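Engineer: turn this into a model:
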Amino acid sequence: MFGRNKKKQEEAQREAVRLSAGKKNFTQLIKFCIVGVVNTLVSMIVQIIVSNVLKLFWSDNWINTVALIVGHICGIINSYIMNSRWTFKEEHKRSKKELFRFILVNVLGLLITIGLREFFAQICGLEGWWTNCGAPDFLKKIISGHLFCQLLATVVYIFVNFILNKVFVFREKDGR
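Structural biologist: Residues are numbered from 1 along each chain as shown. Next up, the predicted model:
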């Protein structure tokens, strides 16, 4: 009889731990999405500024990619600070190894974002669609077709980025 109660208590404890971990993961995903929105805003604002400044001097297609890279770098810096101090703060101790992994994940993210942006723009034709859609003209001036496709790529990539950060960068340390 006592063995049965102990077994039920252990099962209840395991279930409580599982539910707690699920709640923690969900909370982290929400925080990660908030950080992602902030990063997207930082990245896009920097990208718009860099793009407009470069267009004062040049008029080539490379401007969009350079602006994307500079904006992404600013987003990476913001992301590391916010995610390491807020989203995943309980799971890690800052280290060079963690920073290297974070940079690696975000460089991969940049490449995926560029690839998805070009896929949406060239293959799906969404850059032209954005230009011709019924959105207000002031909005289309702020958000170019390329920027619109990048925003779509960012939305797609956010879940991959969360998983990579959770399991590869800010993973729980052994012994916790």
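Engineer: lowest-confidence helix or strand of the chain?
Structural biologist: Here the helix or strand of the chain ranked lowest by mean pLDDT, DSSP states H and E is helix 2-55, holding a mean of 77.
Engineer: can you tell me the helix or strand for the spatially most central residue of the chain?
Structural biologist: In the chain, the centroid-proximal residue (Cα atoms, centre = their mean) is I158; its distance is 4.3 Å. Assessed by DSSP states H and E, I158 sits inside helix 145-164.
Engineer: packing partners of that helix?
Structural biologist: Counting contacts by 3 or more Cβ pairs under 8 Å, 6 or more residues apart in numbering; DSSP states H and E, helix 145-164 packs against helix 2-55, helix 96-118, helix 126-132. From N, CA and C alone the C-beta is placed, and that goes for glycine too.
Engineer: just the residues contacting that helix, thanks.
Structural biologist: Helix 145-164 has contacts (Cβ atoms under 8 Å, 6 or more residues apart in numbering) with 28-29, 32-33, 36, 40, 44, 47-48, 64, 68, 105-106, 108-109, 112-121, 126-128, 130-131, 143.
Engineer: ok so, going back, how about the helices and strands packed on helix 145-164 in TSV, adding mean neighbour count and distance to F162?
Structural biologist: TSV is the format used below for the helices and strands packed on helix 145-164 (neighbours: other Cβ atoms under 10 Å; distance: least, Cβ to Cβ, whole Å):
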stretch	mean neighbour count	distance to F162
helix 2-55	14	5
helix 96-118	16	10
helix 126-132	15	24
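Engineer: let me have the ones you listed in JSON lines, extended by distance to I81.
Structural biologist: Formatted as JSON lines, the helices and strands packed on helix 145-164 follow (distance: least, Cβ to Cβ, whole Å):
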{"stretch": "helix 2-55", "distance to I81": "9"}
{"stretch": "helix 96-118", "distance to I81": "11"}
{"stretch": "helix 126-132", "distance to I81": "32"}
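Engineer: of all those, which lies closest to H72?
Structural biologist: Across those, H72 has its closest neighbour in helix 96-118 (4.9 Å, Cβ to Cβ).
Engineer: starting at the chain centroid, how far to that closest one?
Structural biologist: Chain-centre distance of helix 96-118: 10 Å, with Cα atoms, centre = their mean, to the nearest Å.
Engineer: still on that earlier bit, in the helix holding I158, what's buried?
Structural biologist: For helix 145-164, the neighbour count (16 or more other Cβ atoms under 10 Å) marks 145-154, 157-158, 161-162, 164 as buried.
Engineer: from the chain's centre, how far out does that helix sit?
Structural biologist: Relative to its parent chain, helix 145-164 has a centroid offset of 7 Å by Cα atoms, centre = their mean.
Engineer: just want the angle from that helix to helix 96-118.
Structural biologist: Interaxial angle, helix 145-164 versus helix 96-118 (axes from the mean of the first three to the mean of the last three Cα atoms, to 10 degrees): 140 degrees.
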